[in-house]
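J.: my questions are about this predicted structure, shown below with the sequence.
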Amino acid sequence: MNSIELPADAELPSRHPKAPAPGTELPVHYQRCFGCGDVDAGLHLKIRAGEGLTVTGLFQVTEHHQGAPGLAHGGLLAAAFDETLGSLNWLLHTTTVTGRLETDFRRPVPVDSTLHILAKVDGLAGRKLYVSAEGRLNAVDGPLALTARGLFVKVGIEHFVKHGRPQDIAEAVDERGFEVNP
Ligand SMILES: CCCCC/C=C\C/C=C\C/C=C\C/C=C\CCCC(=O)SCCNC(=O)CCNC(=O)[C@H](O)C(C)(C)COP(=O)(O)OP(=O)(O)OC[C@H]1O[C@@H](n2cnc3c(N)ncnc32)[C@H](O)[C@@H]1OP(=O)(O)O
């Protein structure tokens, strides 16, 4: 498939009236999520709602995240973007999964740096949510290290019930009553 292009019929969706206020730290959507949950080996991303259809993510790169010596692993950086882009769901009160994710690595990300990720919704066409993000080193206006574009696809709760491992589904139900974006 080709690069992700915003289709001509895409429209900018509305921010949901109950979206978390700008500046609010978003809740963990699932405690065992590798991106945002309380997982030892996870990314421990801190994501906040921004203005409009934006969220900001902070990824603290540690020695556990290396690919090359002293540098962050590209796949983990893509995961940090995936998680931050997925968190845009909170602003729309919708549920999507990643269909396609393109990541451009423009500058190495050293261990001990903080990656400041700014993600936004670019448009919605049917079930397809088009999103994009940039990541900067150590400051919101720091050097540009990564850019990404994503295509997320709206799904219903049944997607997780059908495909997920039963014991994890049961645990998630206990955790939050299976409510998404309460
Ligand atoms: C316990 C429950 C907890 C649930 C929590 C859930 C949400 C919580 C809410 C907020 C969450 C906050 C943070 C977000 C958290 C995490 C972020 C990370 C997210 C992930 O890490 S998520 C895992 C990786 N992700 C997958 O595991 C998806 C596997 N996949 C599939 O499950 C199917 O593949 C699916 C469903 C994508 C589509 O399947 P489908 O049968 O429903 O629909 P279909 O195929 O018709 O596609 C419909 C239209 O999308 C186009 N389309 C589809 N895929 C495309 C592609 N790759 N490139 C270009 N276009 C594509 C088609 O071309 C068509 O376009 P058109 O309508 O124009 O024809």
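T.: Great, that's in hand.
J.: so what's the residue in the chain that the ligand sits nearest to up against?
T.: Per C-beta to the nearest ligand atom, Gly86 is where the chain lies closest to the ligand, at 2.4 Å. (C-beta placed from N, C-alpha, C; glycine too.) By C-beta atoms under 8 Å, 6 or more residues apart in numbering, the contact set of Gly86 is 35, 96-98, 152.
J.: keep only those of those that are in strands.
T.: 96-98, 152 (DSSP state E).
J.: ok, back up a step: find me the pLDDT at the residue of the chain closest to the ligand, would you?
T.: Turning to Gly86, the model gives it a pLDDT of 98.
J.: and the ligand, which of the contacts of Gly86 contact it?
T.: Among those, proximity to the ligand is found for 35, 97-98 (C-beta under 6 Å from any ligand atom).
J.: okay if I get the residues you listed as JSON lines plus pLDDT, distance to Thr56 and neighbour count?
T.: Converted to JSON lines, the ones next to the ligand among the contacts of Gly86 look like this (pLDDT from 0 to 100; distance: C-beta to C-beta, whole Å; neighbours: other C-beta atoms under 10 Å):
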{"residue": "Gly35", "pLDDT": "97", "distance to Thr56": "14", "neighbour count": "24"}
{"residue": "Val97", "pLDDT": "98", "distance to Thr56": "22", "neighbour count": "13"}
{"residue": "Thr98", "pLDDT": "98", "distance to Thr56": "19", "neighbour count": "15"}
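J.: nearest to Ile157 among those?
T.: For the ones next to the ligand among the contacts of Gly86, the closest approach to Ile157 (C-beta to C-beta) belongs to Val97, at 11.8 Å.
J.: show me what that closest one bridges to in the sheet.
T.: Counting by DSSP bridges, Val97 is bridged to Val153.
J.: list the residues that contact it.
T.: By C-beta under 8 Å, 6+ apart, the residues touching Val97 are 86, 152-153, 155, 159.
J.: list buried residues within these.
T.: With burial judged by 16 or more other C-beta atoms under 10 Å, the buried subset of those is 86, 152, 155.
J.: with distance to Glu51 added, can I get the residues you listed in TSV?
T.: Below are these laid out as TSV (distance: C-beta to C-beta, whole Å):
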residue	distance to Glu51
Gly86	19
Phe152	20
Val155	27
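J.: from the ones in strands among the contacts of Gly86, which two are the most distant?
T.: Thr96 and Thr98 (7.7 Å).
J.: okay, and the common contacts of those two?
T.: Both Thr96 and Thr98 are contacted by 86, 152, under the criterion C-beta under 8 Å, 6+ apart.
J.: what ranges do the strands span in this protein?
T.: Here the chain has its strands, by DSSP E, at 46-49, 54-60, 96-105, 114-125, 128-137, 144-154.
J.: adjacent strands (with direction) for the second one?
T.: Yep, that's strand 54-60 we're talking about. With DSSP bridges as the test, strand 54-60 pairs up with strand 46-49 (antiparallel), strand 114-125 (antiparallel).
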